[in-house]
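K.L.:
Attaching a predicted model along with its sequence, questions to come.
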Amino acid sequence: MGPRLHSLRVAPHRRCLADGDGVAAVLGYYPPFAAQPTHSHPIDQTTFVLLGGLHESRPGNDYEALCGWFGVKPAGCCHANRFGREGALLVTIETADDAKHAQVGWSAGADLQVVTGLVRTATDTAGSPLATEAIRDLLAGAVRPRPRSRIPPRALALARERLHEEPEQCRIDSLAKHAGFDRTTFARMFRRHFGIPPSIYRARRMTAVATRALLTERCSVADAAFAGGFADHSHYTRSVRRFAGVTPKQLRELLG
């Protein structure tokens, strides 16, 4: 029997993906604006953000962890979490050994295609040794978070804020122009400071908005797609599979 996840149980939607051979992993959706006061875990913990985001406070450090980021916390690390208005879809892993090889902190360095592929494998094989193998491969990718870039220029920060608030309405060419950059420079700087290109950031934000509606408002896939600004439910289905590794229907079945 593997280590058990220790949680404040803020998230009402949880599904175990693996529990055995010294590793435990849970897929969980934390609702919008949920908060966890300062706490710690008795075992090393690695977390991957599939959708949405959170703010995490640790002694001496504050992090904004967005979709595609991963974070490493050693046993006993005190921290407090606040989740954003779309909540957060996370894969949380606890293990007694692998996290010791990773640098503590949050990073945008996760390969989302690999992450979602391993999540899909663990989901399809949940409860079997194959799921544990997939989770261990996922941990193997969490090695050395890249240092965060310096504070972004104000114009770039404002452009990202607008893209965050109104992802379906923003044209990136217009954002770049208003920020005073050409399109190529804007994309390069956006990725340097925020870890991903602006077009991917927008797609993730739209998917997070739709998934919030799907999981918290219990609406249909078509209505969730409309809430996120997608052209149709097929577009949303492709997007959530891309960023979460499963379809909207599978996600609701897992976390309903």
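P.N.:
Received the coordinates, thanks. Keep in mind it's a predicted model, so treat the numbers as computed, not measured.
K.L.:
which residues touch residue 33?
P.N.:
82-85, 87 (C-beta atoms under 8 Å, 6 or more residues apart in numbering). C-betas here are computed from N, CA, C, even on glycine.
K.L.:
mind checking how far it is from residue 244?
P.N.:
21 Å (C-beta to C-beta, to the nearest Å).
K.L.:
Filter the contacts of residue 33 down to the buried ones.
P.N.:
Buried subset of the contacts of residue 33 (neighbour count, 16 or more other C-beta atoms under 10 Å): 83-84, 87.
K.L.:
residue ranges for the helices of the stretch 151-256 of the chain, please.
P.N.:
Here the stretch 151-256 of the chain has its helices, by DSSP state H, counting those that start in this stretch, at 154-165, 172-179, 183-194, 198-216, 221-228, 233-244, 248-255.
K.L.:
Dump those helices into a markdown table; add distance to residue 115 and mean neighbour count as well.
P.N.:
A markdown table is the format used below for the helices of the stretch 151-256 of the chain (distance: least, C-beta to C-beta, whole Å; neighbours: other C-beta atoms under 10 Å):
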| stretch | distance to residue 115 | mean neighbour count |
| --- | --- | --- |
| helix 154-165 | 21 | 16 |
| helix 172-179 | 24 | 16 |
| helix 183-194 | 18 | 17 |
| helix 198-216 | 13 | 23 |
| helix 221-228 | 21 | 20 |
| helix 233-244 | 9 | 20 |
| helix 248-255 | 15 | 18 |
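K.L.:
Nearest to residue 107 among those helices would be which one?
P.N.:
Taking C-beta to C-beta, helix 183-194 is the member of the helices of the stretch 151-256 of the chain nearest to residue 107, at 12.2 Å.
K.L.:
returning to what we had before: which ones among the contacts of residue 33 are found in helices?
P.N.:
Among the contacts of residue 33, no residue falls in helices (DSSP state H).
K.L.:
so what's residue 57 up against?
P.N.:
Per C-beta under 8 Å, 6+ apart, neighbours of residue 57: 38, 63, 79-81.
K.L.:
And the pLDDT for it?
P.N.:
At residue 57, the model reports a pLDDT of 95.
K.L.:
Go ahead and list the helix or strand containing it.
P.N.:
Element membership for residue 57 (DSSP states H and E) is strand 45-58.
K.L.:
In that strand, which residues are buried?
P.N.:
Residues of strand 45-58 classed as buried by neighbour count (16+ other C-beta under 10 Å): 45-54, 56, 58.
K.L.:
Take the residues you listed and lay them out in JSON lines including distance to residue 132.
P.N.:
JSON lines is the format used below for the buried residues of strand 45-58 (distance: C-beta to C-beta, whole Å):
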{"residue": "45", "distance to residue 132": "17"}
{"residue": "46", "distance to residue 132": "14"}
{"residue": "47", "distance to residue 132": "18"}
{"residue": "48", "distance to residue 132": "16"}
{"residue": "49", "distance to residue 132": "22"}
{"residue": "50", "distance to residue 132": "19"}
{"residue": "51", "distance to residue 132": "24"}
{"residue": "52", "distance to residue 132": "26"}
{"residue": "53", "distance to residue 132": "28"}
{"residue": "54", "distance to residue 132": "26"}
{"residue": "56", "distance to residue 132": "27"}
{"residue": "58", "distance to residue 132": "29"}
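K.L.:
from the residues you listed, which single one is nearest residue 210?
P.N.:
For the buried residues of strand 45-58, the minimum distance to residue 210 (C-beta to C-beta) is 9.4 Å, reached by residue 51.
K.L.:
In space, what's closest to the spatially most central residue of the chain - neighbours in sequence excluded?
P.N.:
For the chain, residue 49 is the residue whose C-alpha lies nearest the centre (C-alpha atoms, centre = their mean; 1.7 Å). In space, and not counting its chain neighbours, residue 49 is closest to residue 69: 4.9 Å by C-beta to C-beta, 6 or more residues apart in numbering.
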